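> coordinates only, sequence not included:
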């Protein structure tokens, strides 16, 4: 299992579910029903301010767990999506 | 169409857990289209009444439950469950919930956290054919904890519950997911496992979102609250998983149901079961909770038979002779007339039992020999006067019953009783004894986050250094946490913090999260004076928990009393009442004079003369710097002047700018303007200024012809902007019809309109003026005994050491602490044939109660060794006693005699020698022998200077007993030309002066302009100098504005009246700093 944080470009359908992304010049296609969950951030270590009404972006992050395939095979991926800034990061890769 | 109801919602009344107030949650629920919403606070029903009230207002159904810890029969905690009361059951569900919560709070040990045993819970909620409540077993229960990893164990646990809760609707499984990481707690899989278990055991399953905040943004606040609950910084403990526990709309909950079940049919099934339970739990506020139905003790509990009204009629009539002995026929008929009309109103409202109850309590208190006085509008009632509830004659003082009670209103009136603070707890215990524990509980209150508390807990959450937080908290002065950011821009003392927030991220965060905590409930505590008196079903209507006093207190607060129809009695402990009772006893003991304070004449010229000097320290209500200044201007000569002065010195009249026209009229600077001859009798006492609520009512009555009851209703409407127009219309047309000219009507109306909420209830002022006069009377005639009373019961707003300065000024001797004479009170003692006040042992830092008791029990002692042996003080206490001179007399030394062989230094050496050995064993005669011949003192130890003596007194007792702490600076102050406080009154206005002294008060009262003004009072031993700091001066000395103790202030005198002088401050310095540089001058 590999853990890293790399910004990537992700394509999503109209429900917000990822269906394809590009990593190191390789195109991956999602080949399972992606599982969405929510993780949290340690805002007290990072945030500059936390005024009332700033919204959940300070504390919460959307996560996707999915299988994706490319020419060389399949792997389990975990993607981290900052909804507010629309940033995608690859955080985990479990190659079978 | 599928609907949804949130059955698990924690409000901010789940202290250190929930984020939003019930009113906010209910309003949001109504806006989201929900037709019902639950409140299920942790450990209690603290927010339940506010929730029900908000639901009634928004037209949705209230549901109430509690989130409780459950333990097995061996006391091992199983987990947390939610207990929901069933509705539409004539209160059985509500009673079950109340009693469940109360039981959870019955503790075996003091620090046990609330928890109920599973079998107690089963017994309480299943005491009829069906269950009265439903227990929700969710992710935090013993079942939920095992469901994911060990389903068969979870099933075993669930079967235990099923066996103990066999009745229909007693159990439900709570399905909840916060969409956390797959396979973790609160994940979809967790919810699925719970649903599976429910199916297996045929227990109904309901969906919740375990709400903690209204919107996801609230999760940040919840993080901070979690830190406060754990008492650990964020990052140390396991935090909440994400920000999903918010009040999600129905469609989002339906989507969750679908995601869990993966089948539309099962999803609908889950939502339907949830709705069925919600339906069962909808409360009928009146039938289930007794909403708004007045509850008073039963006749038997009051010891009366027959019709309560007839009893009340009898009692008040038979007291006429007691209160009005020898009244002539005309007077008596006026009294009779007033009494009849009061009684008719009371009867119409059905409040006879209420009055009898209060009278019964008042009688009980008097029978205990405790001083009692009524306060507030209740003093306007003749019935209260006759029943002995109040001590002010409403007819003589011109007070109105209608201000207190009228047929236009039907809420229970408030009668507040002041008693001796030292006897308050005895009174509470007697009330419980008299009416029975099933009818009485104490009232509670929720303390809320304010500036300092909020910044402390926020600092803790962020892991800031404790000293740094202390420094910040120290400068949080009179503003709410919510306006922290705003205050940073405005307040000079926060300037350096403001600059740091620009570069230091954590400090900037601190400001934001401090604001988030503002006004959230922190913890429950005993209300300082409220007692709830009900009928025998009281404990089925309110949950109770233990108060610090050991007596139970309701989980509801004072705002919940009226909605619930509870009779609340305010029995307020007033330290001044204790001080006066103590003074009267000391007069009896030392002078053998009996004083009945309630019967001393109220026109003693000596008393008013003393008050007019403005040396009012220790006199009830008029000792504050502002009141002292007003005393200088007002120069009272009769009792009513005191009532007036107390009423004028209130935020309302001050904001309404009523004081100066009143004073101008009083001193003849202006001709009072009564607007119309008809109003002259009403406004004469206040020189044309409308001060009292009673005056507004009388003006309304005279000019419109309405009743006083109606007039009071209109007075109340005046402070509500939307109702004011209605009053204007009525007033103008009715006054026109009675022939008043347009000009007069417009003038009077403009006064009434501006009056709004500014005025004051005269009954309240008169009730306060009574102890004001009584304390002034004692100060005038028995200053020594009075100072002893004040010191013992410590009333008032100033540090105790100021009372010593005042005693010295009055020529009252201060007798030092002496282990052979001092007790645990300040009492009047003889010294060289003269009376003085003996200082008490209780103010010595670190002395324990057993130590004090041993000293008092074993007095007198024959010598140091004898004292050490029999009083057995700790080494530290012994050293402290020696240091402050409490052993001087015992050792036979006289500190004022500089030529003596021995000094206090020798006593200290001796004590050090004594205590260096192991403490003596108790009963050995041998020890006594050992010590008896070793009692002689060494010689030649270093002498203690007067300054050192004062310093150690201040350090160890907080008081400068032997002299004034300013004395040491005298040379410097003389060199600088510093003026003494007593000399200020002889100076012309606008004189440049320097004053110095010990800070005794700092105030920032509300100002009409909204700008902050800081008042600082200094004591220099001759009296108090009061200085006012405006913007410019505040900027110049921002660093020492709120903490330095010894100050030198420069400014100009400002004459405010015959004997009123204050200082318009220009700058201030720390006296210690000046002293250091003065000492090192060439």
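Received the coordinates, thanks. Every value quoted in this text rests on a predicted model; they were computed, and no experiment measured them.

> What residues does chain B have near chain A?
B:178-182, B:187-188, B:216-217, B:219-220, B:223, B:234-235, B:239-244, B:461-463, B:505, B:508-509, B:512-513, B:515-516 (C-beta under 8 Å from any C-beta of the partner chain). Any C-beta I mention is one placed from the backbone N, CA and C, and that applies to glycine too.

> Tell me the buried residues within these.
By neighbour count, with 16 or more other C-beta atoms under 10 Å in any protein chain shown, the residues of chain B next to chain A hold B:178-181, B:187-188, B:216-217, B:219-220, B:223, B:234, B:239-244, B:461-462, B:508-509, B:512-513, B:515-516 as buried.

> So which of the residues of chain B next to chain A sit within helices?
Assigned to helices by DSSP state H, the following of the residues of chain B next to chain A qualify: B:188, B:219, B:220, B:223, B:461, B:505, B:508, B:509, B:512, B:513, B:515, B:516.

> dump the residue contacts of the closest residue to chain A within the stretch 401-550 of chain B.
Proximity of the stretch 401-550 of chain B to chain A (C-beta to the nearest C-beta) peaks at residue B:512, 4.3 Å away. The contact partners of residue B:512, by C-beta atoms under 8 Å, 6 or more residues apart in numbering or on different chains, come to A:49, A:50, A:51, A:52, B:485.

> burial count for the closest residue to residue B:1043 other than its chain neighbours?
Nearest-residue entry for residue B:1043: residue B:474, 6.4 Å, with adjacent residues in sequence omitted and distances by C-beta to C-beta, 6 or more residues apart in numbering or on different chains. Residues lying near residue B:474 (other C-beta atoms under 10 Å in any protein chain shown) number 12.

> Quick check: the gap between residue B:474 and residue B:530.
Taking C-beta to C-beta, to the nearest Å as the measure, residue B:474 falls 32 Å from residue B:530.

> ditto for residue A:17
57 Å.

> cool, residue B:147 as well?
45 Å.

> Neighbour count: these two, which is higher?
Neighbours of residue B:147 and residue B:530, each counted by other C-beta under 10 Å, are more numerous for residue B:147; the result is 30 against 23.

> Can you show me the strands along the stretch 351-500 of chain B?
Taking DSSP state E, counting those that start in this stretch as the test, the strands found in the stretch 351-500 of chain B are B:372-375, B:416-420, B:440-448.

> Next: chain A.
A:2-7, A:9-12, A:18-23, A:26-30, A:35-40, A:60-70, A:73-82, A:87-95 (DSSP state E).

> neighbouring strands for the fourth one, and are they parallel or not?
Going back to what we said before, that points to strand A:26-30. The strands beside strand A:26-30 in its sheet (DSSP bridges) come out as strand A:18-23 (antiparallel), strand A:60-70 (antiparallel).

> can you tell which of those strands is closest to residue B:881?
Nearest of the strands paired with strand A:26-30 to residue B:881, taken as C-beta to C-beta: strand A:60-70 at 61.6 Å.

> Check the offset of the closest one from the chain's centre.
5 Å (C-alpha atoms, centre = their mean, to the nearest Å).

> Residue B:230 is in contact with residue B:237, isn't it?
Yes - counting by C-beta atoms under 8 Å, residue B:237 is a contact partner of residue B:230 at 4.7 Å.

> okay, the two: which has more neighbours?
A direct count of neighbours by other C-beta under 10 Å for residue B:230 and residue B:237 places residue B:230 higher, at 16 against 12.

> Residue in the stretch 851-1000 of chain B with the shortest distance to chain A?
At 36.4 Å from chain A, residue B:999 is the closest residue in the stretch 851-1000 of chain B, using C-beta to the nearest C-beta.

> I figured that residue hits residue B:1018, correct?
Yes - at 6.1 Å, residue B:999 counts as touching residue B:1018 under the criterion of C-beta under 8 Å.

> joint contacts of those two?
residue B:1047.

> what about the two, which has more around it?
The neighbour comparison of residue B:999 against residue B:1018 (other C-beta under 10 Å) goes to residue B:1018, with 26 against 18.

> For the more buried one, which non-adjacent residue is spatially closest?
In space, residue B:1018 is closest to residue B:997, 3.1 Å off (C-beta to C-beta, 6+ apart).

> what are the bridge partners for residue A:62, then?
Beta bridges link residue A:62 to residue A:38, residue A:81 when assigned by DSSP bridges.

> Quick check, pLDDT for it.
Residue A:62 carries a pLDDT value of 95.

> Enumerate every residue touching it.
Contacts of residue A:62 (C-beta under 8 Å, 6+ apart): A:36, A:37, A:38, A:80, A:81, A:82, A:83.

> before we move on, what about residue B:826?
B:787, B:788, B:791, B:792, B:837, B:838, B:839, B:840.

> got the contact list for the fourth one?
With contact set as C-beta under 8 Å, 6+ apart, residue B:792 has these partners: B:579, B:582, B:825, B:826, B:827, B:840.

> A strand includes it, no?
No - counting by DSSP: H, G, I helix; E, B strand; the rest coil, residue B:792 falls outside a strand, being helix.

> Give me the pLDDT for it.
94.

> what does the fifth one give?
At residue B:837 the predicted local confidence, pLDDT, stands at 96.

> The closest residue to residue B:22 other than its chain neighbours and residue B:287: what is the separation?
Spatial nearest neighbour of residue B:22, excluding adjacent residues (C-beta to C-beta, 6+ apart): residue B:51 at 4.0 Å. Separation of residue B:51 from residue B:287 (C-beta to C-beta) stands at 17 Å.

> Between those two, which is the more surrounded one?
Taking neighbours as other C-beta under 10 Å, residue B:51 and residue B:287 compare with residue B:51 leading, 28 against 15.

> what packs against the helix or strand hosting that one?
Using DSSP states H and E, residue B:51 sits in helix B:48-58. Helix B:48-58 is packed against helix B:22-31, strand B:36-42, strand B:61-71, helix B:285-289, helix B:561-564, with contacts defined by 3 or more C-beta pairs under 8 Å, 6 or more residues apart in numbering or on different chains; DSSP states H and E.
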